[in-house]
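J.: next come a sequence and a model predicted from it.
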Amino acid sequence: QVQLVESGGGLVQAGGSLRLSCAASGRTFRSRAMGWFRQAPGKEREFVAAVSGSGDTTEYADSVKGRFTISRDNAKNTDYLRMVSLKPEDTAVYYCAARNTYYSSTVYRTANDYPNWGQGTQVTVSS
């Protein structure tokens, strides 16, 4: 089982930036596929960004493309979501999710594809 702990959320003004971290522990594999999702009040959880287990393929939701960047530090077993030019509509609880793979280039965009989830971190963007 993989444990995921997120950090880095907070309150920021529109146009500002944040970097979310997702530290993995437990039965982790370097070749884990990672996804970031978010859920705003009264809305369903939605896909934000994901990286393949091989680390060479990323995908982003259209709403964040060009503003958010997903990255990984293998030495620290930590994944990051760098968010710039934040907008009020980015306000949500952000979750990271992991799926152990075997260096596959497949990117998973659906929440049901991930068995391991973090607790979530609140991001609030004021106008």
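T.: Received the coordinates, thanks. Quick caveat, the model's predicted, so the values are computed rather than measured.
J.: mind telling me what element the spatially most central residue of the chain is part of?
T.: Per CA atoms, centre = their mean, the C-alpha nearest to the average position across the chain is that of Trp36, at 2.6 Å. If you go by DSSP states H and E, Trp36 is part of strand 32-39.
J.: show me what counts as buried in that strand.
T.: Buried residues in strand 32-39, defined by neighbour count with 16 or more other CB atoms under 10 Å: Arg32, Ala33, Met34, Gly35, Trp36, Phe37, Arg38. No exception for glycine: its C-beta is placed from N, CA and C like everyone else's.
J.: what's the burial count for Cys96?
T.: 30 (other CB atoms under 10 Å).
J.: what of the one 10 residues further on?
T.: When neighbours are defined as other CB under 10 Å, Thr106 has 13 of them.
J.: quick one, what contacts it?
T.: By CB atoms under 8 Å, 6 or more residues apart in numbering, Thr106 lies in contact with Ala33, Ser52, Gly53, Thr57.
J.: most neighbours, which of the residues you listed?
T.: Top of the contacts of Thr106 by neighbour number is Ala33, holding 25 neighbours under the definition other CB under 10 Å.
J.: just how off-centre is stretch 66-85 within its chain?
T.: Distance of stretch 66-85 from the chain centroid (CA atoms, centre = their mean, to the nearest Å) equals 8 Å.
J.: pull out the buried residues from it.
T.: Residues of stretch 66-85 classed as buried by neighbour count (16+ other CB under 10 Å): Phe68, Ile70, Arg72, Asn77, Thr78, Asp79, Tyr80, Leu81, Met83.
J.: the last one bridge partners, please.
T.: Right, Met83. Leu18, Phe68 (DSSP bridges).
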